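Enquirer: pasting the sequence and the predicted model now:
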Amino acid sequence: MSMPTNNEYRTPDTVEDTTVEPRRTTSPVLLMLLAFAVTAAGLMWWTQSRHAGTETPVAALPAPVADDAANAPANERAAAADRKRAERTAATRPASVSRDARPLAGNAEPKYPASMLRAGVGGTVVVLADVDAQGNPIDVRVVERSGERDLDRAAVSAVRQWRFEPAMRNGKAIATSVKVPVDFKPI
């Protein structure tokens, strides 16, 4: 018996498919439109953020000085109009900037208790921190518990080490209280 050759084992159903599918490409016009839209959105954001706080109130003009008696009634009317304009401007002018205390960005993350991390336990603790005018926490206590004592203790311990940007009222730093949510999420 002779050995079969390669041609004898080849059948039409084992022939390879040699059709080539066309490559899908993104249209250059579509890419340019996308780039234009992103650039336009960025420019709009930049312009609005740049001009957000630059509006200045119009200052009241000083009343003109009356030189002669003939112009006195006209000058009085102009002075009265100027005073009314100044009062309206003062009424629409925002009061001095006030803000609440807030944690500084460089504060360390709370240390996740190892036992809670191993067990996959997480939660949110809301802590109330009394902050002095220099931004230091004076008293820290739990307002809303997570349900796990270890997470509550870790949150209080972390917030005691934090520093805050103090609250401002009428342009002066003041002591205040701030609620801080602390999230613990197992990986």
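Expert: It's in.
Enquirer: every contact and neighbour count from this point should use C-alpha atoms.
Expert: OK.
Enquirer: which pLDDT value goes with T54?
Expert: T54 carries a pLDDT value of 47.
Enquirer: give me the element S146 is part of.
Expert: S146 belongs to no helix or strand when elements are defined using DSSP states H and E.
Enquirer: ok, so what distance separates it from A114?
Expert: 16 Å (Cα to Cα, to the nearest Å).
Enquirer: check V142 too.
Expert: With Cα to Cα as the criterion, V142 and A114 are 21 Å apart.
Enquirer: who's more crowded, the two?
Expert: Using other Cα atoms under 10 Å, the more surrounded residue of V142 and A114 is V142, with 18 against 10.
Enquirer: helix or strand right after the helix or strand harbouring L117?
Expert: Element membership for L117 (DSSP H and E) is helix 114-119. Helices and strands here follow DSSP H and E; after helix 114-119, the next one along the chain is strand 123-131.
Enquirer: the inter-axis angle of the helix or strand following that next one versus strand 123-131?
Expert: Once strand 123-131 ends, the next helix or strand along the chain (criterion: DSSP H and E) is strand 137-144. Per axes from the mean of the first three to the mean of the last three Cα atoms, to 10 degrees, the angle that strand 137-144 makes with strand 123-131 is 150 degrees.
Enquirer: show me where this protein has helices.
Expert: 6-9, 28-51, 72-92, 114-119, 149-161 (DSSP state H).
Enquirer: show residues contacting the longest one.
Expert: So that's helix 28-51. Surrounding helix 28-51, not a single residue is in contact under the criterion Cα atoms under 8 Å, 6 or more residues apart in numbering.
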